[in-house]
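# quick one, what's the 3D model for this:
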Amino acid sequence: MTASVTIGEFSRLTHLSVKTLHHYHDIELLAPAAIDPSSGYRRYEITQVPTAQLIRRLRELQMPLAQVREVIEAPDIATRDQALRLHLDQMERELIRTQEVVASLRSMLTLSPMELAVEYRFVPAFRAYAVTDRVHRDQIDVWCGTTFGRLGAIAGELGITATAGATYSDEFFTDDVGEVVAFLPVTPGQAPYEGVELVDLPAGFFAVTVHAGPFTDFDRTYGALGSHVAEHCAVAAGPIRELYVVGPGDTDDPTTYQTEICWPIQRIPTKG
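So this is what the prediction gives:
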């Protein structure tokens, strides 16, 4: 017969507080082995210690309780390990993101205000394969990865070498959710392709600068270009465009990314 202990003793064995054990019982994540019908006291079997310790470690890794349940209730080791790997991969991505933000903050503390080269450019109207969605800002990385992966595959299949890009509506910035159009320029007579739109993007004047490196400091380049436009140009209506000259589909090294940010303006300003 397996030995059992009180909830207080089980708390000491597992380093989970009594309050936490009560909560895990309430949500049916870790139920006691027995409950005294008269007193209501909970007792746990010592065979439950490894499960409790696993739960504790997963929560220390900030795994959501729903995912913890998937691990604990996995029907086999392979399913359990897959759930663990997915969470660890996510944590590694978040760690990289945190390191990039820390590096960006340090640079803001030590660098002088950003100076950038601005080019004024007229872009004729052009046809493109496109994917249009209403995207939340906190989902843009995932959306871009999927969408530009699809456009990149089409470009490879059809031998298209044009630089892909995207337009971002005002609402994307003001409301944290808005229309984003990922596009791949094609020739005027390009045939339709299943799964993407065939659209015509309008001509326009733009103030253009290059953001070099990872997207962590994107806001600094946006701020510098937008400030330049406000000071020297007449802003035109319409979405901002980004052109991914060198992006995630071209290299695994974010420090080599080259992104053109194109701010719509009414006309090319005169010198003087």
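# next one: the nearest residue to Ala207 once chain neighbours are set aside relative to Val71, how far apart?
Once flanking residues are discounted, Ala207 sits nearest to Trp263: 4.6 Å by CB to CB, 6 or more residues apart in numbering. For the C-beta atoms, the positions are set from N, CA and C on the backbone; glycine is no exception. Trp263 sits 47 Å away from Val71, going by CB to CB, to the nearest Å.
# swap in Lys271?
Taken as CB to CB, the span from Lys271 to Val71 is 64 Å.
# with neighbour numbers in mind, choose between the two.
Counted by other CB atoms under 10 Å, Lys271 and Val71 do not tie: Val71 has more neighbours, with 19 against 4.
# so what's the more buried one up against?
54, 58, 63, 80, 83-84 (CB atoms under 8 Å, 6 or more residues apart in numbering).
# so which bits of the helix or strand hosting it are buried?
Per DSSP states H and E, Val71 falls inside helix 65-72. Under the neighbour-count criterion of 16 or more other CB atoms under 10 Å, helix 65-72 has 67-72 buried.
# can you check stretch 75-87 too?
Under the neighbour-count criterion of 16+ other CB under 10 Å, stretch 75-87 has 80, 83-84, 87 buried.
# which residues touch Tyr41?
6-7, 35.
# how near is it to Pro32?
Computed as CB to CB, the Tyr41 to Pro32 distance reads 9 Å.
# mutual contacts of those two, please.
The contact sets of Tyr41 and Pro32 overlap at Ile7 (CB under 8 Å, 6+ apart).
# quick one on the thing from earlier: out of the contacts of Tyr41, who's nearest Thr163?
Ile7 (62.9 Å; CB to CB).
# correct me if wrong: the closest one contacts Ser39.
No - Ile7 lies out of contact with Ser39 (CB atoms under 8 Å); the separation is 11.6 Å.
# on that earlier part again, the helix or strand that contains the residue nearest to Ala207 packs against which elements?
For Trp263, the host element (DSSP H and E) is strand 258-265. For strand 258-265, the packing partners by 3 or more CB pairs under 8 Å, 6 or more residues apart in numbering; DSSP states H and E come out as strand 119-123, strand 204-212, helix 218-232, strand 240-246.
# ok, residues contacting it?
So strand 258-265 is contacted by 120-121, 123, 165, 204-212, 215, 218, 221-222, 225-226, 229, 233-247 (CB under 8 Å, 6+ apart).
# for the helix or strand hosting Arg93, what is the average pLDDT?
Assessed by DSSP H and E, Arg93 sits inside helix 77-110. The average pLDDT within helix 77-110 is 76.
# just checking, what packs against it?
Contact partners of helix 77-110 among helices and strands, from 3+ CB pairs under 8 Å, 6+ apart: helix 65-72.
# where does the chain dip in pLDDT?
Low-confidence segments of the chain, defined by pLDDT under 70, span residues 1, 101, 103-115, 272.
# tell me how far the residue lying farthest from the centre of it lies from Gln53.
Using CA atoms, centre = their mean, the residue of the chain lying farthest from its centre is Ser38. It sits 52.1 Å away. Ser38 is 31 Å from Gln53, where distance means CB to CB.
# same check, this time on Val246
Note on Val246: its distance to Gln53, by CB to CB, is 46 Å.
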